[in-house]
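S.K.: The following comprises the amino acid sequence and a computationally predicted model.
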Amino acid sequence: MKKILIIITIALLTGILVTSCEKDVFLDVGDVEDLLVVEGYVLKGETPFVLLTNSFPNGQTIDLDSLFYSGNATVKVTDQSGMEVTLARRTANELTTVQKAYLSEQFLLDPIILYFIPVYIDTSNTIMGIENGTYNLSIEYEDKTLTASTTIPPLRPLDSLTYVKKENFDSLYTVFIHLRMTGSGNYVRYLTKRNSEPFFPPGTTGANWSDATFQGAESLTLPIERGYPSILVRDSLGNLPPGVEERPDDISELGAFKLGDTVTVMWNNIDRESYLFWSSIDADGGDTPFSSPVKALTNVTGGLGIFAGYNQSFYTTVIIE
């Protein structure tokens, strides 16, 4: 049940709009309370934004009208200086390019779909994500209050990307990251992109690295994986969009990039709570929302989902002989 409670917003909306405005989608989300699902981010150099969707009991049919929370909600974010802003309800087409990339992390969104996704944004640019910043979220709705807190941790940048040809393959390569990690409390979520494909999380080794990955050595060289699309980016006939390749059948080719690829790494330094959330979401080991349900951890008191700070950076290399 990959991201069923959180980024199901985009998956459902994509399916509904591509195939039929009246399409119903049945998902087994287990027994959950009638709680709001929060998907909120504060990215370094960007203003905060928040999506609110409804949670559904097991067996309930979900459609476009019932997916998004349509009631009155007051969504506020406060930063470490005490500055507070009330977010305005708009549509996702008003997000910045970087924000849209995080909103659609595993999904290919037609631009028209963005006009149908309600999102709460800081229209006044009052609060901007900064390194080591702390951010508190408050959501008031129907005499209830949800709260969450997150930080944007220090940037632990990559030094470089390199690549090595895979043994016994003429045109497949493993890409390596080189970095220095100091101190403790280092958590990372990374995604990869090849050529014009969107960013995808790696499919076999996991996109989330804990502090334990980096302990014991300041200078590290680690392999990274190419990511592949999940079922959620396919159209109603099961086809992938042009330019997006299938996961290879040969297991020895998994995670490898090809000669001529332009490889981009999205490297996100995150806090421990965000790491635990994404690790629990990815723990089912599948890439379909119809696989066995998984209980996602949350840092939202009184609700479900995630409010996460990201210190993001991007790195690119071109694989040549």
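M.R.: In hand now; what should we look at? Numbers count the residues shown, from 1 in each chain.
S.K.: So residue 96 versus residue 50, what's the distance?
M.R.: The spacing between residue 96 and residue 50, counted by CB to CB, to the nearest Å, is 15 Å. From N, CA and C alone the C-beta is placed, and that goes for glycine too.
S.K.: of those two, who's got more company?
M.R.: Here residue 96 and residue 50 are compared on neighbour count by other CB atoms under 10 Å; more neighbours surround residue 50, at 24 against 13.
S.K.: Just give the closest residue to that one, not the sequence neighbours.
M.R.: In space, and not counting its chain neighbours, residue 50 is closest to residue 40: 3.9 Å by CB to CB, 6 or more residues apart in numbering.
S.K.: The host helix or strand of the one you found packs against which elements?
M.R.: Using DSSP states H and E, residue 40 sits within strand 36-43. Applying 3 or more CB pairs under 8 Å, 6 or more residues apart in numbering; DSSP states H and E, one finds that strand 36-43 contacts strand 49-54, helix 97-103, strand 134-141, strand 144-151, strand 304-318.
S.K.: Report pLDDT for residue 247.
M.R.: Taken from the predicted model, the pLDDT recorded for residue 247 is 84.
S.K.: Please apply the same query to residue 233.
M.R.: On the pLDDT scale, residue 233 is placed at 62.
S.K.: was I right about the residue nearest to residue 50 contacting residue 306?
M.R.: Yes - under the criterion of CB atoms under 8 Å, residue 40 lies in contact with residue 306, with a separation of 7.0 Å.
S.K.: where do the strands sit along the stretch 151-300 of the chain?
M.R.: Taking DSSP state E, counting those that start in this stretch, the strands of the stretch 151-300 of the chain run over residues 158-165, 172-180, 187-194, 208-209, 219-224, 257-258, 262-270.
S.K.: closest to residue 296 out of those?
M.R.: Closest approach to residue 296 among the strands of the stretch 151-300 of the chain (CB to CB): strand 208-209, 13.0 Å.
S.K.: Partner strands of that closest one, with direction?
M.R.: When sheet partners are counted by DSSP bridges, strand 208-209 sits next to strand 187-194 (antiparallel).
S.K.: Next, the angle from the partner strand to strand 158-165.
M.R.: Regarding strand 187-194 and strand 158-165, their directions subtend 50 degrees when assessed with axes from the mean of the first three to the mean of the last three CA atoms, to 10 degrees.
S.K.: and strand 187-194 with strand 219-224, angle?
M.R.: Here the directions of strand 187-194 and strand 219-224 differ by 50 degrees (the same axes, to 10 degrees).
S.K.: what's the spacing between strand 187-194 and its chain's center?
M.R.: Between the centre of strand 187-194 and the centre of its chain there are 10 Å (CA atoms, centre = their mean, to the nearest Å).
S.K.: Likewise for stretch 119-130?
M.R.: Relative to where its chain is centred, stretch 119-130 has its mean C-alpha point 19 Å off (CA atoms, centre = their mean).
S.K.: Distance to residue 113 for the strands of the stretch 151-300 of the chain - can I get that in CSV?
M.R.: CSV is the format used below for the strands of the stretch 151-300 of the chain (distance: least, CB to CB, whole Å):
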stretch, distance to residue 113
strand 158-165, 32
strand 172-180, 31
strand 187-194, 20
strand 208-209, 27
strand 219-224, 29
strand 257-258, 29
strand 262-270, 21
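S.K.: Select, out of those, the one closest to residue 123.
M.R.: For those, proximity to residue 123 was assessed by CB to CB; strand 262-270 is nearest, at 25.1 Å.
S.K.: Partner strands of that closest one and their direction?
M.R.: Neighbouring strands of strand 262-270 in its sheet, by DSSP bridges, are strand 187-194 (antiparallel), strand 304-318 (antiparallel).
S.K.: for those, which one ends up most surrounded?
M.R.: Each of the strands paired with strand 262-270 was given a mean neighbour count from mean count of other CB atoms under 10 Å, and the largest, a mean of 22, is that of strand 187-194.
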